[in-house]
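Chemist: attaching a predicted model along with its sequence, questions to come.
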Amino acid sequence: MISPMIDKNPFRQIGEPARDGIVCVADHASNFVPEDVPLGIPDALLEKHIAIDIGVHGVAVRMAREHGIAAHLATVSRLVTDLHREEDHPGVVPTESDGHLIPGNIGADVEGRLNRFHRPYHSALSAWLDEAAPKLIISLHSFTPQLESRAEDRPWEIALLYNQDDRAARHAIRLFGEQGLNVGDNEPYSGRELNATMNRHAEAYGRYYCAIEVRQDLIATRVEQSRWAAMIGDVCGRVALALD
């Protein structure tokens, strides 16, 4: 399990955010499932993308420890409560994901899950961001190269998502492209449909953000995670400068 809950908190924070600096938020950084939350699925599914954004924890920790980008990380699996969904979203406690039934979530106490996981996570994130007053927020996710439930071409190596505010994303798309990467623009998902955390904590306050999706097979090892942490840190540093 990655990043189990500490002191019953559904989040952990690494590093000290520099005021007017860059911070990282990772809503899907853990595959931890508390013992009293029976999902009714094989343990093997907890290692798949339906339970965790593969590679993100390693990248975020390295950005925090090696590049001074403090991080707010989830410590509970998205199958327990999806922290990157609005409270009233039908998938906030998912009963199915990429063709896999999650039987333990059928008829689950959604309000209880929100009170235990979702609300404390976002309340802490809100206070952390208010205190940090960052120049730029990195919302870090990863996507699977191939869904199991449908055939879909996913050639992008990295992508930027956004809803209404694409100010930072435009710079990042250009800068990652200059690295020779195949960069997605609101792919493989549209931020106009899935942007819950940044809608709430960035767009609602006019804060600059880069919602980044990295393809999971590119950040599966520690070496790859270190490489991408350095590249994302460098590019987002240049994005922050361009936003002055």
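Modeler: Cool, got the structure. Numbers count the residues shown, from 1 in each chain.

Chemist: can we go C-alpha only for contacts and neighbour counts from here?
Modeler: Will do.

Chemist: max-length helix in this protein?
Modeler: Longest helix in the chain by number of residues (criterion: DSSP state H): helix 222-242.

Chemist: how about residues contacting that one?
Modeler: For helix 222-242, contacts defined as C-alpha atoms under 8 Å, 6 or more residues apart in numbering pick out 22, 55, 58-60, 62-63, 67, 69, 135-136, 138, 168, 171-172, 175-176, 210, 218-219.

Chemist: give me that answer again for 6 Å
Modeler: Applying C-alpha atoms under 6 Å, 6 or more residues apart in numbering, the contact partners of helix 222-242 are 58, 59, 63, 171, 219.

Chemist: tell me the two of those residues that are most distant?
Modeler: Farthest pair in the contacts of helix 222-242 (C-alpha to C-alpha) is 58 and 171. Separation: 24.7 Å.

Chemist: re earlier: from the contacts of helix 222-242, which single one is nearest residue 97?
Modeler: Proximity of the contacts of helix 222-242 to residue 97 (C-alpha to C-alpha) peaks at residue 219, which lies at 21.9 Å.

Chemist: wouldn't that closest one be in contact with residue 55 here?
Modeler: Yes - using C-alpha atoms under 6 Å, residue 219 makes contact with residue 55 at a distance of 5.1 Å.

Chemist: who has more neighbours out of these two?
Modeler: Between residue 219 and residue 55, counted using other C-alpha atoms under 10 Å, the more crowded position is residue 55 (25 against 21).

Chemist: hmm, residue 220 and that one touching each other?
Modeler: Yes - with contact defined as C-alpha under 6 Å, residue 55 counts as touching residue 220 (5.3 Å).

Chemist: residue furthest from the geometric center of this protein?
Modeler: residue 107 (26.3 Å; C-alpha atoms, centre = their mean).

Chemist: so where's the chain uncertain?
Modeler: Residues of the chain meeting the criterion pLDDT under 70: 1, 3, 5-7.

Chemist: all helices for this structure, in order.
Modeler: 56-67, 110-113, 119-132, 167-177, 196-201, 222-242.

Chemist: I'd like to know which elements the fourth one is packed against.
Modeler: Using 3 or more C-alpha pairs under 6 Å, 6 or more residues apart in numbering; DSSP states H and E, the elements in contact with helix 167-177 are strand 209-215.

Chemist: so what strands line up beside the strand it packs on?
Modeler: Strand 209-215 sits in its sheet next to strand 136-143 (parallel), strand 158-161 (antiparallel), going by DSSP bridges.

Chemist: export the ones you listed as JSON lines, with columns for mean neighbour count and distance to residue 101.
Modeler: What follows is those, written out as JSON lines (neighbours: other C-alpha atoms under 10 Å; distance: least, C-alpha to C-alpha, whole Å):
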{"stretch": "strand 136-143", "mean neighbour count": "25", "distance to residue 101": "20"}
{"stretch": "strand 158-161", "mean neighbour count": "26", "distance to residue 101": "27"}
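
Chemist: so which of those is nearest residue 94?
Modeler: Checking the strands paired with strand 209-215 against residue 94 by C-alpha to C-alpha gives strand 136-143 as the closest, at 17.5 Å.

Chemist: ok and that closest one relative to helix 167-177, angle-wise?
Modeler: Angle of strand 136-143 versus helix 167-177, following axes from the mean of the first three to the mean of the last three C-alpha atoms, to 10 degrees, is 60 degrees.
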